[in-house]
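A.B. asks: Fold the following.
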Amino acid sequence: MSTKSIRKVKTSDLELKDRLVSIQRVTKVTKGGRTFSFSAIVVVGNEDGIVGHGLGKANEVTTAIAKGVEDAKKNLIKVPVIHGTIPHEQLAKFGGATIFIKPAASGTGVKAGGAMRAVLESVGITDVLAKSKGSSNPHNLVKATFAALLELRDAQVVAQHRGVAMDKVFNG
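C.D. replies: Now for the predicted structure:
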């Protein structure tokens with residue numbers, strides 16, 4: 001296993017767009033009856049390589065979404081995007097969800113399911129092939145997608161990690 005470097009990003013002067021991945025109505029049964037509240041999974045991104053996800057819980061839908069957006073802004077990461085796609089294919093797992101993402105030719109579009117699509121579009125990826133296996137739980141799919149995106153490395157990072165010049169990365 002390689003050492004992971006989490007690429008945290010500051011939220012100042014970023015224009016982030018939020019996408020609602022999932023909203024759940026949860027019920028707490030008490031002596032006085034049922035109490036309803038809401039749980040929202042939100043993904044924010046600037047569509048230029050920066051993305052974050054968050055979970056908000058509240059008694060109203062709008063408050064839960066707002067809390068999710070604030071949580072997502074605290075968990076931003078930087079992802080290498082090269083010509084609208086990812087640098088290499090990646091497999092990741094979180095909980096019961098396993099995902100596979102693969103670079104695609106220009107014009108392919110985002111071939112991904114619900115929760116993964118929201119994350120990949122928020123990053124700014126326009127061409128990618130993606131497959132999810134196992135659990136379809138939106139929480140785990142979002143977290144597995146983030147795990148895959150964190151593992152991605154562009155050519156400059158590989159060259160720096162190996163301590164060689166950029167042309168050596170491709171030729172040898």
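
A.B. asks: which non-adjacent residue is nearest residue 24?
C.D. replies: Spatial nearest neighbour of residue 24, excluding adjacent residues (CB to CB, 6 or more residues apart in numbering): residue 39 at 4.5 Å. Every C-beta, even on glycine, is put in place using the N, C-alpha and C of the backbone.

A.B. asks: Tell me how far the host helix or strand of that neighbour lies from the chain's centre.
C.D. replies: Counting by DSSP states H and E, the element that carries residue 39 is strand 33-45. How far strand 33-45 lies from its chain's middle: 19 Å, per CA atoms, centre = their mean, to the nearest Å.

A.B. asks: Which positions within that strand qualify as buried?
C.D. replies: For strand 33-45, the buried set under the neighbour-count rule, 16 or more other CB atoms under 10 Å, comprises 37-45.

A.B. asks: For residue 30, state which of those residues is nearest.
C.D. replies: Ranked by distance to residue 30 (CB to CB), those are led by residue 37 at 12.1 Å.

A.B. asks: in terms of contact, does the closest one touch residue 57 like I think?
C.D. replies: Yes: with contact defined as CB atoms under 8 Å, residue 37 counts as touching residue 57 (6.4 Å).

A.B. asks: shared neighbours of these two, which are they?
C.D. replies: Taking CB atoms under 8 Å, 6 or more residues apart in numbering as the criterion, residue 37 and residue 57 both touch 26, 64.

A.B. asks: give me the element residue 29 is part of.
C.D. replies: In this structure, residue 29 sits in strand 17-30 according to DSSP H and E.

A.B. asks: and that strand, what does it pack onto?
C.D. replies: Under the contact criterion of 3 or more CB pairs under 8 Å, 6 or more residues apart in numbering; DSSP states H and E, strand 17-30 touches strand 33-45, helix 61-73, helix 114-123, helix 138-151.

A.B. asks: Give me the angle between the third one and strand 17-30.
C.D. replies: The reference is to helix 114-123. Using axes from the mean of the first three to the mean of the last three CA atoms, to 10 degrees, the inter-axis angle of helix 114-123 relative to strand 17-30 is 140 degrees.
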